[in-house]
Every structure is written in structure tokens, then in C-alpha cells.
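Undergrad: quick one, what's the 3D model for this:
(one chain, ligands or ions: 1)
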Amino acid sequence: MICAPFPYFGGKRTIAATVWSRLGTPTQYIEPFCGSAAVLLAAPRPASLEVIGDANGFIANFWRAVKHDAEAVATWSDYPVSHVDLGGRHQWLMAQRERVAAELLDPEWPGDAKVAGWWLWGQCAWIGSGWCDWNGKAPNGNGKIPALSTLGNGVHAAGQVPYVSGAGMGIQAAGRVPQYADTGRGVLAAGRIPHAGNAGRGVQAPGKIRRAPEQLTLWTSAGATAWWWLQQIAVRLERVRVVHGHWDRCLNAHYGGGETAYFLDPPYHGHGGVYGETGQTVQQEIQSWALANGSAYRIALCGLVGEYDLPGWEVVEWSRGKLTYNGGATTELETVWFSPKCLREQQASLFD
Ligand SMILES: C[S@@+](CC[C@H](N)C(=O)[O-])C[C@H]1O[C@@H](n2cnc3c(N)ncnc32)[C@H](O)[C@@H]1O
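TA: Have a look, this model is predicted:
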């Protein structure tokens, strides 16, 4: 199990174990609002068929590109945190949207590693919402220059061990390496994390993580961290399909009953703006779909307390104990609804 390599608003790492205790080990797993894919990455066992998707093309492109060429994405993300360049790169990235969206329609397209690497770099350095809003206006030369985190986040944060529950972490912390979901913060297993010089030690099967080529020169420690981290993720994504677009593009279930599991984590009511949404919400669609399909599939649906009305579904309330959305005003209690086809608590503990 691997952590997501960038901080993400509303990331579900904290609740992932509870989700999997109810979803079990399905044959098919579908996550149409994947964001940082924290729940997929925390799966106890990969399903035979896995599909993740997101309406944000930068996100979809990131997962595609990491799956196909993690080393190139890491190399493009290898750059010091710089305020001036953040503005310039933001502008460049926003200008790539039309092309990337068109390419993503081809399920075989391997993603654009430069777009993915630059996006990752900024995602870890930018404070608050607004980094590469997929639906946002293209910035002009006078556009807002974003605030920079002093430490950097994600793979670009210095001296800290990343953990997904704390937004503002990721590849940018010097010395940070990805931790495994179940070992807890700071348990970084010497021997578990592959080293550039002796790739393939520890839990990483020899041969799966490639040795850093002699000629590969990484500029920052964040780049080196990303190099290790993203390759582990690439191994995990080997058979995962990445879809771009509205959530219903992912809904193709091949199996019924307990064999197909959906993890639905749409933007919470009133909070779509942090993902660049301009007003229309998907909650209504989700409510109807969930009512119609809850008896057929294992479905875990996230929202704020009272957001959905799903009779017969198990309701698990939880709180991350801090702001749900960075700089927002909510510490609201969150909820996961589990469809009647899910494992119940007793079965879930047997499953554990
Ligand atoms: C709450 S976040 C998901 C967080 C994710 N579970 C994680 O752990 O990082 C919601 C995601 O849904 C995406 N999204 C918003 N509207 C969507 C839509 N109509 N179809 C698909 N994805 C959408 C957003 O871009 C965002 O990444």
C-alpha cells in the first residue's frame, strides 16, 4: 500500500481502511472521483479489473503518465520551489488543456509526462485551491501569482515523512519517502523503500523497480523521492485503467453482487469550487444512481452528514479533526454510506 504523492483537498486516506473493510476484495473496483486515488492505493489487494477516473484532466493525465513512464514524470517534477516559475508553469499548463483532453479520449494514450511532472511540482508547492483549475479561465500574463508554501508539500517538502491525512504533504519534503498505509507515520521500513543504487530490495520484488540509470541526474531531493515513489505507484497501476471525464464514464460494471465495488467520492455539497466546479453539482445524479444500484453492488459513497438519503444503507460518520478543505470553514462531520451489498461490520471484522 502506497500513499498518494501529492496533497489533495478531501483526500480519503484516513477512512480508507474502513472503506475496504466494507468493500472486501471485489473482482472489479471502480473509483470515478479519484483525485489522489488514496483509496485505490490503500487497497489490501488489487482487483482484477480496476478503473479510476476524474473530470479534472490534469489528474487523469497524471495517473496515466505515472503508469506509463514514472521516471519521466519524476524527472519533470524535479525542480526547486520557485515563486516566479510557479506562475509561468501554471500559465503553460493551462494552455495544454485542450490538447490533453483530446488525447485522453484515446484509452491507449500514455499521458504527457511533462504536463504530469510540472503539475505534480505545482500541486505540492501551491497553497490553497486554484492550481490548474481544469475548468478555470486561462491566466494572462497579469494573472494571480499563487502563494507558495514555505516548505513545499508532497514530494517537495523538506525533512518530513509524508502522510496523506495531512493535506500539505507530498513529494516535496526533502528526505520524505512514501510510507505504507498500515505501518503508520514514520515507520519507513529500512529495506522497504527501494534505493536508487539497490533497487528491488525489501517488499519491492526484484526487477519491478528499475535501477536509476547512471546518467540520470536528479537536481533536488524531491526529485529523487519522486523517482522512488512514482515507480512504486507505477507498479501498482500496471493494470489500472484511467478515464477522464464525467463520473458516469466509469460505470461499466462487468460483474454483479459482491464482485463489483464502487468508491464514490464526489465533491461535497457547497465545496465543488475547490475542484474548479462552477455551480452544477453531481449530488442529485449520485443520489438516484445509488438508490437504483445499492442492492446490486458494493458501493461506498462519501458526503457530509445528511447529504444523501439512502434507506437501508449503513452510515459511518467520521471526522478528520481539522479543516476538510484547506482554508475553508468546515470541520464538519463526514459520512460514508455503504450499500446493502457491502460487508457489514461483523463480516468486516471477520474479513480483517
Ligand atoms: C473529494 S475529491 C476526491 C478525493 C479522492 N477520493 C482522494 O482521496 O483524493 C472529488 C474529485 O472529483 C472530481 N470531480 C468533480 N466533479 C466530477 C464529475 N462530475 N465527474 C468526475 N469527477 C469529478 C474532482 O476533480 C475531484 O478530484
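
Undergrad: what is the neighbour count of the residue of the stretch 101-250 of the chain found nearest the ligand?
TA: Residue of the stretch 101-250 of the chain nearest the ligand, by C-beta to the nearest ligand atom: Trp247 (3.7 Å). Any C-beta I mention is one placed from the backbone N, CA and C, and that applies to glycine too. Trp247: 23 surrounding residues under other C-beta atoms under 10 Å.

Undergrad: got the contact list for it?
TA: Contact analysis of Trp247 by C-beta atoms under 8 Å, 6 or more residues apart in numbering lists 32-33, 53, 55, 264, 266, 282, 285-286.

Undergrad: can you check Thr18 too?
TA: With C-beta under 8 Å, 6+ apart, Thr18 has these contacts: 316, 318, 336.

Undergrad: run a quick neighbour tally on the second one.
TA: The one in question is Trp318. 14.

Undergrad: for the stretch 201-350 of the chain, list the residues in contact with the ligand, please.
TA: Counting by C-beta under 6 Å from any ligand atom, the residues of the stretch 201-350 of the chain close to the ligand are 246-247, 265-267, 275, 277, 282.

Undergrad: now with 8 Å?
TA: Within the stretch 201-350 of the chain, the residues that sit near the ligand (C-beta under 8 Å from any ligand atom) are 245-248, 250, 263, 265-268, 271-272, 275-277, 282, 302.

Undergrad: cool, the stretch 51-200 of the chain as well?
TA: Of all the residues in the stretch 51-200 of the chain, those lying near the ligand are 53-56, 59, 134, 164, going by C-beta under 8 Å from any ligand atom.

Undergrad: please check the residues you listed and keep the buried ones.
TA: By neighbour count, with 16 or more other C-beta atoms under 10 Å, those hold 53-56, 59, 134, 164 as buried.

Undergrad: what about these, which are in helices?
TA: Taking DSSP state H, the ones among these that sit in helices are Ile59.

Undergrad: if you average pLDDT over the helix or strand harbouring Trp228, what comes out?
TA: Using DSSP states H and E, Trp228 sits within helix 221-237. Averaging pLDDT along helix 221-237 gives 92.

Undergrad: what of stretch 4-11?
TA: Per-residue scores along stretch 4-11 average to 92.

Undergrad: count of neighbours near Arg99?
TA: 12.

Undergrad: try His68
TA: Neighbours around His68, by other C-beta under 10 Å: 18.

Undergrad: cool, Glu317 as well?
TA: 10.

Undergrad: and it, what does it touch?
TA: Glu317 touches 305, 333-335, counting by C-beta under 8 Å, 6+ apart.

Undergrad: ok so it is a strand residue?
TA: Yes: looking at Glu317 with DSSP: H, G, I helix; E, B strand; the rest coil, it is inside a strand.

Undergrad: which strand residues bridge it?
TA: Glu317 has these beta-bridge partners by DSSP bridges: Thr335.

Undergrad: identify the residues contacting stretch 236-243?
TA: So stretch 236-243 is contacted by 2, 32, 40-41, 46, 48-53, 60, 63-64, 66-67, 107, 111, 249-250 (C-beta under 8 Å, 6+ apart).

Undergrad: what segments of the stretch 251-352 of the chain are strands?
TA: 257-264, 297-304, 314-318, 334-338 (DSSP state E, counting those that start in this stretch).

Undergrad: now, of those strands, which is deepest in the fold?
TA: Among the strands of the stretch 251-352 of the chain, strand 297-304 has the highest mean neighbour count (mean count of other C-beta atoms under 10 Å), at a mean of 24.

Undergrad: and that strand, which strands flank it?
TA: Strand 297-304 has its sheet partners listed here by DSSP bridges as strand 257-264 (parallel), strand 334-338 (antiparallel).

Undergrad: any chance of TSV for those strands, columns mean pLDDT?
TA: Output for those, formatted as TSV (pLDDT from 0 to 100):
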stretch	mean pLDDT
strand 257-264	92
strand 334-338	97
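
Undergrad: how about these, which one is nearest Leu291?
TA: Proximity to Leu291, assessed across those by C-beta to C-beta, is greatest for strand 334-338 (10.9 Å).

Undergrad: who's the closest spatial neighbour of His254, skipping the chain neighbours?
TA: Gln28 (5.7 Å; C-beta to C-beta, 6 or more residues apart in numbering).

Undergrad: is it true that that neighbour touches Leu251?
TA: No: between Gln28 and Leu251 there is no contact under C-beta atoms under 8 Å: 11.2 Å.

Undergrad: neighbour count for those two, which is higher?
TA: Using other C-beta under 10 Å, the more surrounded residue of Gln28 and Leu251 is Gln28, with 20 against 14.

Undergrad: residues in contact with that one?
TA: Gln28 touches 47-51, 253-255, 259-261, counting by C-beta under 8 Å, 6+ apart.

Undergrad: what about Ile286, how many neighbours?
TA: So Ile286, with other C-beta under 10 Å, has 20 neighbours.

Undergrad: which stretches in the stretch 51-200 of the chain count as strands?
TA: So, for the stretch 51-200 of the chain - with DSSP E, counting those that start in this stretch - the strands run 155-156, 171-172.

Undergrad: quote the end-to-end distance of stretch 249-258.
TA: 21 Å (C-alpha to C-alpha, to the nearest Å).
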